Structures are given as C-alpha cells and as structure tokens.
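Visitor: Have a look at this fold, sequence not included:
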C-alpha cells in the first residue's frame with residue numbers, strides 16, 4: 001500500500017475537510033479526493049461520510065485514524081532525526097586507510113575531529129588492500145596515490161607526500177655514509193615493491209637486500225639496520241627526532257604522489273564526510289606531509 005494515501009487520510013480526518021486537508025498538504029482537492037477513493041478501494045471500507053456541507057469519519061475511519069496516527073508520528077520523528085538531516089554531523093563514520101597513514105597520520109586527526117564533533121562515532125579499518133567502499137559500506141578512504149578502478153568514486157587531492165632516503169646509525173657505522181648518489185648505489189637497499197628511486201639517484205647496481213609491500217615493515221627493517229630505504233618523511237620524522245634514523249643525501253628528497261580522500265558518489269554528501277574532509281584539509285595545512 002502507498003503510505004502517501006495514509007498521510008492524505010490523516011490530513012483529511014484531522015481537518016474534517018477535503019479542502020482543508022488539501023491545503024495542509026499543498027495539493028489540489030481533486031488529488032485528495034482521488035487518494036481517499038483509492039484508499040477506500042484498497043481497504044474495502046468507507047472511511048468518510050460525505051455531504052455537501054461536511055465530512056465525517058465512519059466507524060472504520062475512526063478506528064483507522066486511532067491506529068495510524070501514532071505510527072505516522074513515530075515515522076515522522078524517525079525521519080526527522082536521521083543523522084544526515086541534523087545540523088551537526090552525527091552517526092557512524094566508517095573509513096579505511098593504509099597502515100602507515102593510519103598509524104602515523106590518522107591518530108591526531110581522529111582525536112581532534114572527535115573533540116570537535118562528539119556526535120560522530122568513528123570506525124577505522126587499516127589495510128594496504130584497496131577496499132570496495134560501496135560494497136563494504138565505507139564512507140571514505142584515505143589513499144596514498146590513487147588509481148580509481150571504479151570511475152564513479154570521487155577523489156579529492158589533500159596534500160603531496162615527501163619522500164627521502166634514510167638509514168639507521170648502526171647500518172651507516174657498519175657500511176659507511178654515502179656522500180654521493182654513486183656511493184649510495186653501492187649500498188644495501190630496502191625498497192617498496194614497484195617504487196622507483198629518484199631520477200637523480202639512478203638505478204641500483206645490485207638487487208635490493210629487502211623488497212616488501214608494507215611501508216611500516218620497510219620502515220622497521222631500515223631502522224633495524226638492513227640498509228638504506230626510500231620512505232615518506234612523515235614516517236621517518238619521529239625517528240629523526242630521537243636519532244634512530246639518519247637522513248641520507250638530503251638533497252635527493254622529493255615529492256612522490258599525494259594523499260587523497262576518496263568517497264562514493266552521492267547527490268547529497270553526508271555532513272559527517274564533508275566535516276571530516278574539511279578537518280583533514282585544515283590539519284594537513286598545519287602539518288604537511290611534504291616540505292614547502
């Protein structure tokens with residue numbers, strides 16, 4: 001049954017008038033008359049006694065109004081309290097990010113966003129795999145570099161990502177500190193699968209000591225002394241501060257790719273997604289992932 005017919009019935013019953021009910025709904029009287037007739041045919045009962053001067057509920061109409069009025073009121077309240085219709089962002093925000101972004105960049109963002117928007121509950125999944133946002137019910141993803149296999153997704157570039165060469169003090173004490181790009185090519189390397197070294201460095205003269213597909217693993221391996229590694233500066237920054245990593249050939253630092261916020265298409269993007277995007281942009285403006 002079309003629930004609009006029930007709404008028309010309630011409007012006419014409460015106004016005791018087809019004309020007044022039509023005015024309340026903002027439709028024509030003829031449309032209201034057709035709706036009531038259709039509802040009566042559907043139910044197989046007469047809901048109103050009609051005269052040229054008045055409209056009154058029948059016994060069946062009175063019984064129906066008593067049953068549907070609280071249900072319609074509850075439905076209106078439910079629709080009015082939907083998180084996406086409220087002024088302040090609210091509800092659950094589901095997002096996904098890679099392990100390095102999630103472990104180093106996200107915590108401060110999540111904490112600050114949660115303080116600003118306490119009505120939003122945040123559910124984070126960290127994975128290096130590309131997640132099907134629509135199929136798995138995610139609101140957004142933070143991705144370092146973006147190749148949209150699903151062209152319907154919306155990607156917003158947030159900030160470039162700076163990369164540099166790093167090694168541990170123990171490795172450099174053992175193997176020596178390279179002074180030129182040519183020197184560095186003779187060293188042991190820890191590399192991310194598929195990553196190309198900076199053009200100014202050239203090509204390795206031997207196979208990397210370690211190859212992996214998880215930046216946190218490579219970061220830990222470089223810190224443990226396995227060799228020189230190319231990694232995001234934001235990942236190495238805490239180690240530089242305490243001396244567990246050393247920058248190698250700092251002039252070769254460069255921007256590789258960028259961080260993107262990706263979300264499914266929507267005619268009306270949820271307030272919580274807009275609020276999170278704006279907060280991330282504000283945070284990264286103050287804490288960039290690449291040198292300015």
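Guide: Nice, I can see it. Just so it is clear, the structure is predicted and the values come from calculations on it, not from any experiment.
Visitor: tell me the SS of the closest residue to residue 192 other than its chain neighbours?
Guide: Computed as Cβ to Cβ, 6 or more residues apart in numbering, the closest residue to residue 192 that is not its neighbour in sequence is residue 218, at 5.9 Å. C-beta: built from backbone N, CA, C; applies to glycine. Local secondary structure at residue 218 is given as helix here, using DSSP: H, G, I helix; E, B strand; the rest coil.
Visitor: I'd guessed residue 218 sits against residue 189; true?
Guide: No: between residue 218 and residue 189 there is no contact, the gap being 10.3 Å when judged by Cβ atoms under 8 Å.
Visitor: list the residues that contact both of these two?
Guide: Common neighbours of residue 218 and residue 189, using Cβ atoms under 8 Å, 6 or more residues apart in numbering, are 210, 229.
Visitor: For the longest helix along the chain, which outside residues touch it?
Guide: Longest helix in the chain by number of residues, with DSSP state H as the criterion: helix 59-80. Surrounding helix 59-80, the residues in contact under the criterion Cβ under 8 Å, 6+ apart are 6-7, 9-10, 13-14, 43, 45-48, 57, 85.
Visitor: what's the answer for stretch 96-114, then?
Guide: The contact list for stretch 96-114, computed with Cβ under 8 Å, 6+ apart, reads 120, 122, 124-128, 131, 133, 138, 140-144, 214-216, 219, 232, 234-235, 238, 259, 275-276, 279-280, 283, 287, 289.
Visitor: ditto for stretch 242-257
Guide: Where contact means Cβ under 8 Å, 6+ apart, the residues beyond stretch 242-257 that reach it are 144-145, 160-169, 172, 177-178, 180-181, 184, 195, 198, 200-201, 222-223, 228, 233, 236, 239-240, 290-291.
Visitor: and the contacts of stretch 96-114, which of them are in helices?
Guide: The members of the contacts of stretch 96-114 that map onto helices under DSSP H are 215, 216, 219, 234, 235, 238, 275, 276, 279, 280, 283.
Visitor: any chance you could map the strands in the stretch 151-292 of the chain?
Guide: The residue ranges that make up the strands of the stretch 151-292 of the chain, judged by DSSP state E, counting those that start in this stretch, are 154-167, 189-192, 210-212, 228-232, 246-248, 254-263.
Visitor: For the first one, buried residues please.
Guide: Within strand 154-167, the residues that qualify as buried by neighbour count (16 or more other Cβ atoms under 10 Å) are 158, 159, 160, 161, 162, 163, 164, 165, 166, 167.
Visitor: any idea how far residue 139 is from the fourth one?
Guide: What it means is residue 161. According to Cβ to Cβ, to the nearest Å, residue 161 stands 23 Å off from residue 139.
Visitor: low pLDDT regions in this protein?
Guide: Per-residue confidence for the chain (pLDDT under 70) gives these ranges: 1, 77-87, 146-151, 267-268, 292.
Visitor: Could you break it into its assigned domains?
Guide: 3-81, 91-159+258-286, 161-256 (automatic domain parsing).
Visitor: The residue nearest in space to the middle of the chain: what's its closest spatial neighbour, skipping adjacent residues?
Guide: The geometric centre of the chain, computed from its C-alpha atoms, lies nearest to residue 140 (Cα atoms, centre = their mean), at 2.1 Å. The spatially closest residue to residue 140, leaving aside those adjacent along the chain, is residue 263, at 4.2 Å (Cβ to Cβ, 6+ apart).
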